[in-house]
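Chemist: what's the 3D shape of this:
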Amino acid sequence: MGLDISFVACPRDEIMEKGEFRKVNALLQWVNTHVMAVANCAYIPISKEDLEKLQGILNQLTTDNCQELFPTQEGFFYGSTEYDEHYWEDVAGVKAWVDETLAHFDFEEEILFFSAWW
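Modeler: Numbering: from 1, shown residues only. Have a look, this model is predicted:
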């Protein structure tokens, strides 16, 4: 059991998974702070502009500013709050997903949603 984060797309009446992250609590914190308050299992629409903002933050991250720009969040099942090699692996994974999604997702035809379960 732990923090599971999903991005899904809804072109019409069909939901397709577009990304999945496990215990990346900094991503939960970012959505909660920069998009809207996250409730357990709720779907939050994510715009192209939201992802561009996240991409900009991820591109700026350094060991000196990560605690301010992309902070971790404590929670019972949320995983580590350390800024160690696992944090940077998670950052790299989120960044790769954001870059790929911005390059190929059709925001005109589909709606992207964020959802977290804990």
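Chemist: Low-confidence bits of the chain, can you list those?
Modeler: Low-confidence segments of the chain (pLDDT under 70): 1, 11-13.
Chemist: Now do the helices in it.
Modeler: 25-34, 48-60, 66-69, 85-104 (DSSP state H).
Chemist: Can you tell me what sits against the shortest one?
Modeler: Under the criterion CB atoms under 8 Å, 6 or more residues apart in numbering, residues 57, 60-61, 83, 87, 91 lie in contact with helix 66-69. Every C-beta, even on glycine, is put in place using the N, C-alpha and C of the backbone.
Chemist: Separate out the buried members of these.
Modeler: Applying 16 or more other CB atoms under 10 Å to the contacts of helix 66-69, the neighbour count classes 57, 61, 83, 87, 91 as buried.
Chemist: if we can go back for a sec, closest one to Phe114 among the helices of the chain?
Modeler: Minimum separation from Phe114 across these (CB to CB) falls at helix 25-34, 5.4 Å.
Chemist: tilt between that closest one and helix 85-104?
Modeler: Relative orientation of helix 25-34 and helix 85-104, computed by axes from the mean of the first three to the mean of the last three CA atoms, to 10 degrees: 60 degrees.
Chemist: Just put the buried ones among the contacts of helix 66-69 in TSV and tack on distance to Leu69.
Modeler: Output for the buried ones among the contacts of helix 66-69, formatted as TSV (distance: CB to CB, whole Å):
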residue	distance to Leu69
Ile57	5
Leu61	6
Tyr83	12
Tyr87	12
Val91	10
